[in-house]
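Asker: Got a predicted structure here, sequence first:
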There are 4 protein chains.
Amino acid sequence: MQFDNSRPIYMQIMEFIKKQLARGELQPGQKIPSQREMAAELQVNPNTVQRAYREMETMGLLETLRGQGTFISNRPGLLQEIKVELAGSILKRFIVEMRSLGLSAVEIRNLVNQALDQEEEGKSCKAINPRGTCQPHW
Amino acid sequence: MQFDNSRPIYMQIMEFIKKQLARGELQPGQKIPSQREMAAELQVNPNTVQRAYREMETMGLLETLRGQGTFISNRPGLLQEIKVELAGSILKRFIVEMRSLGLSAVEIRNLVNQALDQEEEGKSCKAINPRGTCQPHW
Amino acid sequence: MQFDNSRPIYMQIMEFIKKQLARGELQPGQKIPSQREMAAELQVNPNTVQRAYREMETMGLLETLRGQGTFISNRPGLLQEIKVELAGSILKRFIVEMRSLGLSAVEIRNLVNQALDQEEEGKSCKAINPRGTCQPHW
Amino acid sequence: MQFDNSRPIYMQIMEFIKKQLARGELQPGQKIPSQREMAAELQVNPNTVQRAYREMETMGLLETLRGQGTFISNRPGLLQEIKVELAGSILKRFIVEMRSLGLSAVEIRNLVNQALDQEEEGKSCKAINPRGTCQPHW
DNA sequence: GTGGTCTAGACCACA
DNA sequence: GTGGTCTAGACCACA
């Protein structure tokens, strides 16, 4: 994993784990690497990993058992919460970036709709005519 | 500037310059740093910068005048093209990320609309009552 | 201030500040010593003070303004919450200690009632007869 | 053992021994460490230990047999006296602390009763259903 | 071995 | 100056 300088490393570690959870690469109840293992793998100081783990424990995302290790929480609704949070931050960043190109709310809305529509077409098109050029339908 | 390992550095340099253009930090017709200067500033090999400059020249984004330096093209419509291209790639990445959270097209659409609406409210609200709580208006 | 080894120093710092708040020695909105000042005064590492401050910020007890300092939160109900929390921990420790002397729930209850009654008598007694021996009244 | 600066060390040694007696860690009739041993263990001056032992002998808590050592007194009722004394000081400190939070006698009484009641519930609850949520019973 | 605390000290960001 | 992050490394507590 690579870190950028725009945000603290411990936050990037938090986001890294949240994304793995959202994608199903980590399961509720599962043991995650120990602080030392994770620190070695990511090549950061164990204290930095600990800070990430500790904050996620405060948020109810992880549970730590002294002497045993750290686990993804089993709390019901956890996965949904994480997804909502991640979606929110992805959305926020997206809008900031589009805005910085000088696009208005209306333009952003239209571009998103257009992209999603094309995606749909792509799918139906493929289903019927896997190799042909995709014609717009009306 | 920081580079990540996901894409070639010369492409990251290209995107870096395009973003500066889109944000207005670079103007059409303006001279940009020489290949050597840029290489020193970004701490990369001059050949890498050369490749980025060459590709952008092919795309009609830069113009090189032998003995004078490299300039942002004055071609009309350039800025618009760049913005469309950048918007496209931001949009594409956005949709991929939202999809990876398991969101449907309808959900993405709604979230975007919601976020843009809230942005609007935030503005009007601030204008009238800079520190107060923002009341929903109806 | 003195620390004992039974609990982490950062928690003792937290309790120290909560007690000052409960006793009215600190007021909501008031600036508290900077991390460095507090560390020097308590003779601990600034990181330890920071941990205490950070946890109290998470709990909504403090607010920090980068470059300006750390302040007691102005959130309504804060004082009451702190008092309830402190009362709970004092009570818990009290019961544990009384239990370790082999006292039953009934005995603890009676001793508390007795002590509070005597306190009352002490007061009324003093009011009437400031210097005399306090006679039990019936 | 740790000493704090609020009271003389010899008093803290006295309280330390009384608590051990009350908890059954020391038995009536039992030999306790010599003054020199105790001083070495607690890292205090032997004179300080001597003062503590002397006061406890005056109180009838210890008995010194020249050439044999110092023993916990065998006097009947000793244990009970010690417990009453300790309970009294714990109780006193408890009430002072609760008072300093601005709690009235009635409030203190209620909190104590509540805490003791909950303790009871906890026990019966555990006995029947060790891991389940504890339901209020009526 | 695993997590928890603490120190010493460097360097950064905001004002 | 004030808070924020990070490293290196020591030592403790639990199992």
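Answerer: Thanks, I have the structure now. Everything numeric in this text was worked out from a predicted model, so none of it was measured.

Asker: Please report phi then psi for the residue most central in space within chain A.
Answerer: Nearest to the geometric centre of chain A sits residue A:19, at 3.4 Å (CA atoms, centre = their mean). Note on residue A:19: backbone dihedrals following degrees, to the nearest 10 are phi -60, psi -40.

Asker: quick one: contacts for it?
Answerer: Residue A:19 makes contact with residue A:86 under the criterion CB atoms under 8 Å, 6 or more residues apart in numbering or on different chains. C-betas here are computed from N, CA, C, even on glycine.

Asker: same question, the one 3 residues further on
Answerer: With contacts defined as CB under 8 Å, 6+ apart, residue A:22 is in contact with A:79, A:82-83, A:86, B:100-102.

Asker: Put the buried members of the residues you listed into a PyMOL selection.
Answerer: Paste this into PyMOL to select the buried members of those, with burial taken from 16 or more other CB atoms under 10 Å in any protein chain shown:
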select buried, (chain A and resi 79+82+83+86) or (chain B and resi 101)
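
Asker: of all the contacts of residue A:22, which comes closest to DNA strand E?
Answerer: Among those, residue A:82 lies closest to DNA strand E (CB to the nearest atom of the strand), at 19.7 Å.

Asker: Helix, strand, or coil at that closest one?
Answerer: Taken by DSSP: H, G, I helix; E, B strand; the rest coil, the conformation at residue A:82 corresponds to helix.

Asker: So it sits against residue A:62, correct?
Answerer: No: when contacts are counted by CB atoms under 8 Å, residue A:82 is not listed as touching residue A:62 (11.5 Å).

Asker: So which residues of chain A form strands?
Answerer: Under the criterion DSSP state E, strands of chain A are mapped to A:31-32, A:62-65, A:69-72.

Asker: Pick the most deeply packed of those.
Answerer: For the strands of chain A, the stretch with the most neighbours on average is strand A:69-72, a mean of 18; neighbours defined as mean count of other CB atoms under 10 Å in any protein chain shown.

Asker: quick one: strands adjacent to that strand?
Answerer: For strand A:69-72, the pairing partners within the sheet under DSSP bridges are strand A:31-32 (antiparallel), strand A:62-65 (antiparallel).

Asker: mean confidence score for it?
Answerer: For strand A:69-72, the per-residue pLDDT values average out at 97.

Asker: residue ranges with poor pLDDT in chain A?
Answerer: When residues are selected by pLDDT under 70, those of chain A lie in A:123-138.

Asker: care to break chain A down by domain?
Answerer: In the assignment given by automatic domain parsing, the structural domains of chain A cover A:9-74, A:79-128.

Asker: How about stretch A:106-116 and chain B, touching?
Answerer: Yes: figure legend: stretch A:106-116 in contact with chain B (CB under 8 Å from any CB of the partner chain); contacting residues A:108-109, A:111-113, A:115-116.

Asker: all helices of chain A, in order?
Answerer: Counting by DSSP state H, chain A forms helices over residues A:9-22, A:35-42, A:46-58, A:78-100, A:105-128, given from the N-terminal end onward.

Asker: closest one to DNA strand E among the strands paired with strand A:69-72?
Answerer: Scanning these with CB to the nearest atom of the strand as the criterion, the closest one proves to be strand A:62-65, at 4.0 Å.

Asker: What lies in contact with the closest one?
Answerer: For strand A:62-65, contacts defined as CB under 8 Å, 6+ apart pick out A:32, A:53, A:56-57, A:70-74.

Asker: Check stretch A:38-55 too.
Answerer: Outside of stretch A:38-55, the residues within contact range by CB under 8 Å, 6+ apart are A:1, A:3, A:9-11, A:13-14, A:17, A:32-33, A:35-36, A:62, A:64, A:70.

Asker: let's see 6 Å
Answerer: With CB atoms under 6 Å, 6 or more residues apart in numbering or on different chains as the contact definition, stretch A:38-55 has outside contacts at A:1, A:9-10, A:13-14, A:35-36, A:62, A:70.

Asker: buried ones in that stretch?
Answerer: A:38-39, A:42, A:44, A:48-55.

Asker: Distance from it to the middle of the chain?
Answerer: 19 Å (CA atoms, centre = their mean, to the nearest Å).
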